[in-house]
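Asker: got a predicted model here, sequence first, then my questions.
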Amino acid sequence: MRRSRNAKIVATLGPSSSSPEMIRSLFEAGVDMFRLNFSHGSHEDHRARFEIIRKLEQEVGRPVGILMDLQGPKLRVGKFADGPIVLRSGESFRLDLESGLGDQRRVSLPHPEIFAALKPGTSLLLDDGKIALEVGACGPDFAETRVVVGGKLSEHKGINVPSVILPMSPFTTRDRRDLAFGLEMGADWVALSFVQRHEDIEEARGLIGDRALIMAKLEKPAAIHNLDAIVALADGIMVARGDLGVEMPPEQVPVIQRRIVRACHREGKPVVVATQMLESMTSSPVPTRAEASDVATAIYEGTDAVMLSAESASGQYPREAVTMMHSIIQGVEADPHYRVLADAQHEEARTTHADAICRALRHVARQISAKATITYTSSGFTSIRAARERPVAPILSITPSIATARRLTPVWGIHSVVIDSEIEDEASMTRVACETALSQRFGAPGDNIVITAGIPFGQPGTTNLLRIVALPERPPALNGDGWNGNGQSFSV
């Protein structure tokens, strides 16, 4: 099943989308990767959904990616003795490590890491930013604060500390259990919450190794301050706009979103824009015009994928939400101005063989009106570098690894095909490329295709060859001299 668009769709599974029928319906409506949100549901719930996705993948003959999203640390206040309280501007309010029930004057905050990072003047946000406090006197086990913005506060509400880096790991004990479970199942990507520094990615890499790719969720100001270092180390990035909008002024979020997308383009890392994209469709069959414009803006900016959260997990109209997102992407990509923007926003490539070849692929494909660009990849490296260039012709990614094909599902423009045949030389490479392009309907006899690969074949990170071929009338044969047909190749 070939998609008629380049940007991808990630959809979260949940109570509204756990049956085999609904998951298949969402895939047919346009989902490329499914997200399993480990903040909710049991391991048994996630395993059942995982198995449904893998069975669906076999039935449709197309790789389907699975993203496991770790909950990360949840910083919350304790309980109150007599129910919710009301904080008024100018009042004093104490946070401490004491275990007793809270009242109008104080409440427990069982997170010593927060107190270790506080200093006078630090801002604290409660209940998704509805209440704001300013720290006065503080110590290793308490903070005396002044209420800046008041409001109703009930037990277990979240607390955000936007202006400091908290001395804590992004992995809780629960996250480590969830991670081990998800990796054992075979998740393709791991979304890492509470990322603050590039050291958080290094810690994740030590736990995950090469068993899955790492998608850093950027949801804290500290992560934005360390953006380039985090993007360089992560395999992909998620713009988690909900938490960003709590810890940073909402008017800054669109600017930050664009900055993150451009940073990912420079490095050639896939980026997913997430949170509240079609939020009203949790209870309405149609989105607001502002939401449709929000999705369109992300596509115009060049994001690799857009994500649905509550809309598909717990909403009343999960299929309609996916269908709407698919339609918005199609509409944007059909706009002639979309390609003008893509070219204008294109970032200069790095001075590597792989980027030189993929940049040439972009220009050659346009010059000869190629119907497809063919990438050979064992690790996914060549295909991701080609996607960075945003070629006009679709990217047909050929790989011997189903794991690689699944990992490429959130990457812009890539259609993956898994092959069994061995690629030993340029002749067999060209034959398989032509057979695949014809069988997948990426071109007709006489059409031009552009092929890129790495020599020696099967060795990751060796992209160094570019070949132009006209598709033959029938699958090409090999003669004693190799490729029996017309073509040119270039290597560095």
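Answerer: Yep, that arrived.

Asker: contacts and neighbour counts: CA atoms only from here.
Answerer: Noted.

Asker: quick one: low-confidence residue ranges for this structure.
Answerer: The chain contains residues with pLDDT under 70 at 1, 458, 461, 474-492.

Asker: report the longest helix in it, please.
Answerer: In the chain, assigned by DSSP state H, the helix with the most residues is helix 43-60.

Asker: buried residues, that helix. List them.
Answerer: Buried residues in helix 43-60, defined by neighbour count with 16 or more other Cα atoms under 10 Å: 46, 49-50, 52-53, 56-57.

Asker: with stretch 366-373 instead?
Answerer: 370-373.

Asker: also stretch 228-240?
Answerer: 228, 230-240.

Asker: stretch 121-134 now?
Answerer: So stretch 121-134, judged by 16+ other Cα under 10 Å, has buried residues 122-129, 131-134.

Asker: related to what we said a few turns ago, would you mind giving the buried residues of stretch 228-240 as CSV with distance to Leu471 and secondary structure added?
Answerer: Output for the buried residues of stretch 228-240, formatted as CSV (distance: Cα to Cα, whole Å; DSSP: H, G, I helix; E, B strand; the rest coil):
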residue, distance to Leu471, secondary structure
Asp228, 42, helix
Ile230, 42, helix
Val231, 39, helix
Ala232, 38, helix
Leu233, 39, helix
Ala234, 38, coil
Asp235, 34, coil
Gly236, 34, strand
Ile237, 37, strand
Met238, 38, strand
Val239, 40, strand
Ala240, 43, strand
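
Asker: of those residues, which is the nearest to Val432?
Answerer: Asp235 (28.6 Å; Cα to Cα).

Asker: residues contacting the closest one?
Answerer: Neighbour list for Asp235: 213-216, 269-270 [criterion: Cα atoms under 8 Å, 6 or more residues apart in numbering].

Asker: next: Gly268.
Answerer: 384-385, 387-388.

Asker: same deal with Ser17?
Answerer: With Cα under 8 Å, 6+ apart, Ser17 has these contacts: 23, 312-314, 318.

Asker: format those residues as JSON lines; extra columns: neighbour count and distance to Thr463.
Answerer: Listed next are these as JSON lines, based on neighbours: other Cα atoms under 10 Å; distance: Cα to Cα, whole Å:
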{"residue": "Ile23", "neighbour count": "24", "distance to Thr463": "36"}
{"residue": "Ser312", "neighbour count": "29", "distance to Thr463": "38"}
{"residue": "Ala313", "neighbour count": "22", "distance to Thr463": "39"}
{"residue": "Ser314", "neighbour count": "17", "distance to Thr463": "43"}
{"residue": "Pro318", "neighbour count": "30", "distance to Thr463": "40"}
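
Asker: now the two most distant members of these.
Answerer: Ile23 and Ser314, at 13.1 Å, using Cα to Cα across those.

Asker: strands of the stretch 301-450 of the chain, start to end?
Answerer: 305-308, 372-376, 395-399, 414-418, 448-454 (DSSP state E, counting those that start in this stretch).

Asker: between those, which one is nearest to Ser283?
Answerer: strand 305-308 (13.8 Å).

Asker: related to what we said a few turns ago, between the contacts of Ser17, which is nearest Val190?
Answerer: For these, the nearest to Val190 is Ala313 (18.2 Å; Cα to Cα).
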